[in-house]
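Chemist: Okay, sequence plus prediction incoming.
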Amino acid sequence: MTATKGLEGIVAAASSISSIVDGVLTYRGYNIDDLAQNASFEEVAYLLWFGKLPNDAELKQLQQDLSNEATIPDEVIQQMKSYPKDTNTMAALRSAVSALALYDGEADDMSREANERKAVRLQAKLPTVIAALARIREGKEPVAPLAGVSIAENFLYMLRGEKPDEVSVKALDQALVLHADHELNASTFAARVTVATLSDIYSGVTSAIGALKGPLHGGANEAVMKMLNEIGSIENVEPYIMNKLENRDKIMGFGHRVYKNGDPRAKHLQKMSRELGEMKGDTQLYDMSVKIDDLVTSQKGLRPNVDFYSASVYTQLGINHELFTPIFAISRVSGWTAHILEQYENNRIIRPRAEYVGQTDQKYVPVEQRA
Ligand SMILES: CC(=O)SCCNC(=O)CCNC(=O)[C@H](O)C(C)(C)COP(=O)(O)OP(=O)(O)OC[C@H]1O[C@@H](n2cnc3c(N)ncnc32)[C@H](O)[C@@H]1OP(=O)(O)O
Ligand SMILES: O=C([O-])CC(=O)C(=O)O
């Protein structure tokens, strides 16, 4: 038995949710470029869960269900108020989502119907939890969700406490579409491993949030913003990046296990970043990002992934960097729960083997005789 480091190239599940073939990403057979241009995030979530785009009545029903489920129990709000104010937002989200399970009477109902309802419930509640965490951190009261508006609009409304402009809503909605699913990425794999023991959907999503938090995965978008802040100006880009490359440091937001010729989502986020900058009359963040992109691509042959331009997009939407990875989770919970439903449908416990590389033939020595 020989281990494959990082499971590179190992096919660990059969799935009909999303595919990456020759650098082309599809959700249920629809090219991501098509969906990013035309679909709302709610349509995409329905597509991931139920395998088809919703008709008008199905979409309206989903929007209604999401609105009905968007409030969170007061007990969870009280708990969130007791978290340390300087805690990592993904750590707080992980705790709050775990707490939501305690107040869901269906948490351990393993029927398909109950799990579909819980997928919608988790999707509806995550934006409310994250907006509440952000406001509590700022010493403000959480804002209750609005009925009858999209997830993107509701999230920005709950965050800012006022109706957001259409441009911001459209940009966030498109970013949510682009992040919704991505085959067997680390957090989705974590979710599938967890529920393959026949544990519940909340346990699966909590595991996934833990995996997404890391800077090699979803946490990279936050790390990109820290890097942009450290660089500070267009003049500093070249010395900063060249120094990092010489020291063989990682440049966050670049490289990908599966895409070697570029992430198909990055171009949409790059365009969004440019357009938001032009609209605000300040393209400094975009210009710095493009310069980093040109340097890393030419010097190292690494291309930007989904996390790179999303950092400047979210900042230009007035969102603080500590919410970037939680926003990724608002979108990806649709994919996680679709994969969880799929795992339950055709389940077998996920239990690979390890190649043992430790010592052998050890003999027990009593503690008083050990050096
Ligand atoms: C939503 C997402 O999760 S997208 C990914 C978000 N993560 C990041 O942006 C973090 C930065 N990127 C990385 O750490 C990696 O590229 C990962 C984690 C995304 C992929 O990791 P792997 O598949 O193991 O990387 P891979 O084997 O292709 O790396 C090949 C070489 O490129 C180097 N490399 C990969 N990414 C980077 C980077 N961002 N900066 C500098 N060097 C890099 C590796 O160190 C390795 O060098 P070596 O052969 O000298 O050891
Ligand atoms: O697929 C991966 O390894 C990481 C990624 O891009 C994602 O989860 O969107």
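Modeler: On my side now, so go ahead. Here the structure is a predicted model, which means the values were calculated and not measured. Ligands and ions are numbered 1, 2, ... in the order given.
Chemist: Just the local confidence number for Met1, please.
Modeler: For Met1, the pLDDT comes out at 87.
Chemist: show me what contacts it?
Modeler: Arg353, Ala354, Glu355 (Cβ atoms under 8 Å, 6 or more residues apart in numbering). Every C-beta, even on glycine, is put in place using the N, C-alpha and C of the backbone.
Chemist: mind checking how far the first one is from Gly9?
Modeler: Spelled out, it's Arg353. Counting by Cβ to Cβ, to the nearest Å, the separation of Arg353 from Gly9 is 17 Å.
Chemist: likewise Tyr202?
Modeler: Counting by Cβ to Cβ, the gap from Tyr202 to Gly9 is 32 Å.
Chemist: Tell me which of these two has more neighbours.
Modeler: More crowded of Tyr202 and Gly9, by other Cβ atoms under 10 Å: Tyr202, with 23 against 8.
Chemist: Of all the residues in stretch 208-226, which ones are buried?
Modeler: Judged by neighbour count (16 or more other Cβ atoms under 10 Å), stretch 208-226 contains these buried residues: 208-213, 215, 217-225.
Chemist: Does Ile327 touch Ile319 like I think?
Modeler: Yes - Ile327 lies in contact with Ile319 (Cβ atoms under 8 Å); the separation is 7.1 Å.
Chemist: Comparing these two, which residue is more hemmed in?
Modeler: Of the pair Ile327 and Ile319, Ile327 is the one with more neighbours under other Cβ under 10 Å, namely 26 against 21.
Chemist: Tell me which residues of the helix or strand where Gln343 lies come out buried.
Modeler: According to DSSP states H and E, Gln343 maps onto helix 324-345. With burial defined by 16+ other Cβ under 10 Å, the residues of helix 324-345 counted as buried are 324-344.
Chemist: Could you do stretch 90-110 as well?
Modeler: In stretch 90-110, the ones that count as buried by 16+ other Cβ under 10 Å are 90, 92-101, 104, 106.
Chemist: Closest to Arg248 out of those?
Modeler: Distance to Arg248 across these (Cβ to Cβ) is lowest for Met90, with 27.1 Å.
Chemist: Can you tell me how far that closest one is from ligand 1?
Modeler: 13 Å (Cβ to the nearest ligand atom, to the nearest Å).
Chemist: Ramachandran coordinates for the closest residue to ligand 2 within the stretch 1-150 of the chain?
Modeler: Going by Cβ to the nearest ligand atom, ligand 2 is nearest to Ile20 of the stretch 1-150 of the chain, at 7.6 Å. Per-residue torsions, Ile20: phi -130, psi 110 (degrees, to the nearest 10).
Chemist: Surely it and His256 touch.
Modeler: No - with contact defined as Cβ under 8 Å, Ile20 does not count as touching His256 (9.7 Å).
Chemist: any idea how this protein splits into domains?
Modeler: Using automatic domain parsing, the domain parsing of the chain gives 16-215+321-345, 220-316.
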